[in-house]
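In: Okay, sequence plus prediction incoming.
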Protein chains: 2
Amino acid sequence: MTLKFSVVKTCPDFSARAGLLTTRRGTIETPVFMPVGTLGSVKTVSSRELEEMGVKIILGNAYHLYLRPGTKIIEQAGGLHAFIGWRGSILTDSGGFQVFSLLDNTTVNDNEVIFKSHLDGSTHHFTPEKAIKVQHSIDADIIMALDHCPPSSVSYEEAREATQRTIKWAERCRIAHMEREKEQALLGIVQGAVYSDLRRACAEQLVELDFPGYAIGGLSVGETKDVMYRVLEDTVPFLPETKPRYLMGVGSPDALIEGVARGIDMFDCVLPTRIARNGRVMVHGGYLTIRNASYTQDFSPLDPECDCYVCQNYSRAYIRHLLKCKEVLGIRLTTYHNLWFLSNLMVKILKAILNGSFSEFRKNFWSKYQEVKL
Amino acid sequence: MTLKFSVVKTCPDFSARAGLLTTRRGTIETPVFMPVGTLGSVKTVSSRELEEMGVKIILGNAYHLYLRPGTKIIEQAGGLHAFIGWRGSILTDSGGFQVFSLLDNTTVNDNEVIFKSHLDGSTHHFTPEKAIKVQHSIDADIIMALDHCPPSSVSYEEAREATQRTIKWAERCRIAHMEREKEQALLGIVQGAVYSDLRRACAEQLVELDFPGYAIGGLSVGETKDVMYRVLEDTVPFLPETKPRYLMGVGSPDALIEGVARGIDMFDCVLPTRIARNGRVMVHGGYLTIRNASYTQDFSPLDPECDCYVCQNYSRAYIRHLLKCKEVLGIRLTTYHNLWFLSNLMVKILKAILNGSFSEFRKNFWSKYQEVKL
């Protein structure tokens, strides 16, 4: 088995658990937040900065890497790790989310999804087998089955069709991956939109295929957080306790804590890096829009409670100045801080689970989180 | 005296010399290349990366910092060092170069220069006294007199007028700076375009004002390198051997070596950072345009002879990919490499002067430099 997972401690009041996830590149403490390196770079950040933050696993996007630089270059480099200079673990998304959620003119049938490149409009066909082949070339440690990810507003009938397709494709991916299952771990993705019975059916049928871990996809795509939490509660009980559970596309501090409380072990999201480039930073209690004029003469750190390199060395006023002048260092500093903040949040969550205070930690978080207006 | 300079060793065949320049922030080995941090940030680079490169002094631009964030904010922060989080030395340019060379609608009379902001078109008046006052607020360790810097194509009459004005302004700056001459060191700037007698007259009259160091301005503004070298030969002999000599706006490897050979101790230039953002890197023997398609599958480092973090960890193919995708990490890596390259070049030059092999070093450099087409 190329992916090992062990639960070290469970929370008495919630489904939260502390675990150890081991890929061929090393062991990762869970719950874990995984920064997204869409095109082979976590935007603005270097590998050694990620290591400094304690990051042990990052994401790559098969869709984006397939288009640029293309699998041939990545293969020639000796895989994505070698190409991008990253010694930790990598997980690649299959591309399903990108082609269904972000592109126009995507068409799908039971055999394949046909989409047009956002770069040059060229037409591409992704079968489940092709999605696996691309991810074999990229050679991430954890790869994802191709899924059909509809918007949150989808009707029951449409959701059912997408879910059935996702299950069939999961099986085809499972088969296509057999040749490399000792090198890379393939996870299945539970779909089913906001419909409890679809989620349950999907989870149960994927579990029969015996993946080394399960993702929950199709969330954080427009539904409210309460709906998302309810779907987690409807899904997690049907996933094996011995396997890691991965909630895709979620990265706000509140949702991380609530996801963990509902039994999630892994998260990824572009949120911390994207809002950083818009001049928004995560702080204890909420967010600050550091571009605002109110920070012009504020010489305090982004977050006075944070011990990251940025908060130890730079002021809000300076970072605001850099952002206003479009100096690259500005978005480097906000990005670094946000990633550190989430990495540090996960460490605190883990410690709380380990020492039996997760319930108190969660209560504390919410009492402060209300204090600052978002 | 707030600026100390001592010549440690001179070259027998050339005017090259090794020295120690001491500001209130520490001692800098010369010859030195000073990276430019126009708006309070060496573009894309953090303070600790500069420290890692061995950089001990950077530039700020009074013109740019006066407009953004403004001297009030910098004063409130406790000076530019505190504002930008830089523990090393800082030198500020007076703004003369910017207002004369880069802006339209700049007018000048013997009392002042009147210019329009490149940001909002607002009108500003800089007298020599104002230029000093702005630099007092910024509080760099070394500051520059306001000079009249004409283009290289200027007629003799115009050059003479600009030179006379530069001398008068230097005296006014000298007087305006007396109140802070124990905290900050003010350098005079020799002008005179390409005219030997003007350069000599300017140098001699500035030396009478007894500055702690002298810059040579108005070069690298359109003239050929041969002309620039000839002007250096016409100017340096009239500057005191006991004071540092600073050639403004020069940063190509060949010109650094030739400047050192002609007795220059300090250099600054946006070249390494600017070309990096255009995908061009300095290597032993010349330059590479790493954006070019020929590097698509080139997995060697930017410069196989370089031991910087970038060349030890990343390939040409990866950096090209990042640049093509407009990933910020791409220009971070090219910028880091170029600054390291120049920093390392200056270390090699210094060592060569110290061990008596500068002449050989220079010959070697030129034999390799010809091998690669620019």
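Out: Received it, and whenever you're ready, just let me know what you need.

In: anything in the helix or strand hosting A:Lys133 near chain B?
Out: Assigned by DSSP states H and E, A:Lys133 belongs to helix A:128-138. No - Helix A:128-138 does not reach chain B (Cβ under 8 Å from any Cβ of the partner chain); its nearest approach is 13.3 Å. Where C-beta positions appear, they are placed from N, C-alpha and C, glycine not excepted.

In: can you give me the mean pLDDT across that helix?
Out: The predicted model assigns helix A:128-138 a mean pLDDT of 98.

In: Ok, stretch A:225-238 next?
Out: According to the model, stretch A:225-238 has a mean pLDDT of 97.

In: related to what we said a few turns ago, which residues outside the helix holding A:Lys133 are in contact with it?
Out: A:60, A:62, A:65-66, A:71-72, A:74-75, A:79-80, A:92, A:94-96, A:112, A:126, A:143-146, A:169-170, A:172-173, A:176-177, A:180, A:184, A:186 (Cβ atoms under 8 Å, 6 or more residues apart in numbering or on different chains).

In: So what's the gap between it and the chain middle?
Out: The chain centroid and the centroid of helix A:128-138 are separated by 19 Å under Cα atoms, centre = their mean, to the nearest Å.

In: Tell me the first helix or strand C-terminal of that helix.
Out: Heading C-terminal from helix A:128-138 (DSSP H and E), you reach strand A:142-144.

In: one step back: give me the buried subset of the contacts of helix A:128-138.
Out: For these, a neighbour count by 16 or more other Cβ atoms under 10 Å in any protein chain shown gives the buried set as A:60, A:62, A:65-66, A:71, A:74, A:79-80, A:92, A:94-96, A:112, A:126, A:143-146, A:169-170, A:172-173, A:176-177, A:180, A:184, A:186.

In: so of the residues you listed, which ones are in strands?
Out: A:Gly60, A:Thr92, A:Phe126, A:Ile143, A:Met144, A:Leu186 (DSSP state E).

In: Out of those residues, flag the one nearest to B:Glu241.
Out: A:Gly60 (58.5 Å; Cβ to Cβ).

In: give me the element A:Phe299 is part of.
Out: Counting by DSSP H and E, there is no helix or strand that carries A:Phe299.

In: Now do it: how many residues are near it, please.
Out: 16 (other Cβ atoms under 10 Å in any protein chain shown).

In: Let me see the contact set for it.
Out: A:Phe299 neighbours (Cβ under 8 Å, 6+ apart): A:Ser315, A:Arg316, A:Ala317, B:Gln76, B:Ala77.

In: how much space between the first one and chain B?
Out: Using Cβ to the nearest Cβ, to the nearest Å, we find A:Ser315 at a distance of 7 Å from chain B.

In: quick one: the helix or strand harbouring A:Gly188 to helix A:128-138, angle?
Out: In this assignment (DSSP H and E), A:Gly188 forms part of strand A:185-190. On the basis of axes from the mean of the first three to the mean of the last three Cα atoms, to 10 degrees, strand A:185-190 is oriented at 140 degrees to helix A:128-138.

In: next SSE after strand A:185-190?
Out: Per DSSP H and E, the first helix or strand lying C-terminal to strand A:185-190 is helix A:196-208.

In: Return the alpha-carbon coordinates of that following helix using CSV.
Out: Provided in CSV are the C-alpha atoms of helix A:196-208 (Å, rounded to 0.1, in the frame of the first residue of the first chain):
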residue,chain,number,x,y,z
SER,A,196,-28.2,13.2,1.3
ASP,A,197,-29.3,9.9,-0.4
LEU,A,198,-27.0,10.6,-3.4
ARG,A,199,-24.0,11.3,-1.1
ARG,A,200,-24.6,8.2,0.9
ALA,A,201,-25.0,6.0,-2.2
CYS,A,202,-21.9,7.5,-3.8
ALA,A,203,-19.9,7.0,-0.6
GLU,A,204,-21.0,3.4,-0.2
GLN,A,205,-20.3,2.4,-3.8
LEU,A,206,-16.9,4.1,-3.7
VAL,A,207,-16.0,2.2,-0.5
GLU,A,208,-16.8,-1.0,-2.3
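
In: Could you give the separation of it from the chain centroid?
Out: With Cα atoms, centre = their mean, you get 21 Å for helix A:196-208.

In: Kindly report the same for stretch A:296-312.
Out: With Cα atoms, centre = their mean, you get 27 Å for stretch A:296-312.

In: Tell me if A:Ala18 really is in a helix.
Out: No - membership of A:Ala18 in a helix is not supported by DSSP: H, G, I helix; E, B strand; the rest coil, which gives strand.

In: so who does it touch?
Out: Counted by Cβ under 8 Å, 6+ apart, A:Ala18 has contacts A:Val7, A:Val8, A:Lys9, A:Thr10, A:Glu29, A:Thr30, A:Pro31, A:Leu350, A:Ile353, A:Leu354.

In: thought the fourth one was touching A:Val260?
Out: Which is A:Thr10. No - with contact defined as Cβ atoms under 8 Å, A:Thr10 does not count as touching A:Val260 (11.5 Å).

In: Please say which of the two ends up with more neighbours.
Out: A:Val260 (28 against 15).

In: Which positions in chain A make contact with chain B?
Out: So chain A meets chain B at A:39-41, A:43-48, A:68-69, A:73, A:76-77, A:83-85, A:296-297, A:299, A:309, A:313-315, A:317-318, A:321-322, A:324-325, A:327-333 (Cβ under 8 Å from any Cβ).

In: Select only the buried ones of the residues you listed in ChimeraX?
Out: In ChimeraX, this line selects whichever of these come out buried by 16+ other Cβ under 10 Å:
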select /A:39,40,41,43,44,45,46,47,69,73,76,77,83,84,85,296,299,309,313,314,315,317,318,321,322,324,325,327,328,329,330,331,332,333
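
In: In helices, which of the residues of chain A next to chain B appear?
Out: Among the residues of chain A next to chain B, DSSP state H puts A:47-48, A:73, A:76-77, A:83-84, A:309, A:313, A:317-318, A:321-322, A:324, A:328-333 in helices.

In: from what I can see A:Ala317 touches A:Thr296, true?
Out: Yes - using Cβ under 8 Å, A:Ala317 makes contact with A:Thr296 at a distance of 6.1 Å.

In: Spell out which residues are contacts of both of those two.
Out: With Cβ under 8 Å, 6+ apart as the test, A:Ala317 and A:Thr296 both reach B:Pro69, B:Ile73.

In: need the contact list for the closest residue to A:Arg291 other than its chain neighbours.
Out: Residue nearest to A:Arg291 in three dimensions, not counting chain neighbours: A:Gly279, with 3.5 Å by Cβ to Cβ, 6 or more residues apart in numbering or on different chains. Taking Cβ under 8 Å, 6+ apart as the contact definition, A:Gly279 lies against A:Thr289, A:Ile290, A:Arg291, A:Arg320, A:Leu323, A:Gly330, A:Thr334.

In: and the fifth one, what pLDDT?
Out: It refers to A:Leu323. 98.

In: how many other residues sit next to A:Ile107?
Out: You called it Ile, but residue A:107 is Thr. 11.

In: Beta-bridge partners for it, please?
Out: For A:Thr107, the beta-bridge partners are A:Ile114 (DSSP bridges).

In: Is it in contact with A:Val113, as I believe?
Out: Yes - A:Thr107 is in contact with A:Val113 according to Cβ under 8 Å; the separation is 7.3 Å.

In: about what we covered before: list the ones among the contacts of A:Ala18 that fall in strands.
Out: Those of these lying in strands (DSSP E): A:Val7, A:Val8, A:Lys9, A:Thr10, A:Glu29, A:Thr30.

In: Out of those residues, who's the most crowded?
Out: Going by other Cβ under 10 Å, A:Thr30 tops those with 28 neighbours.
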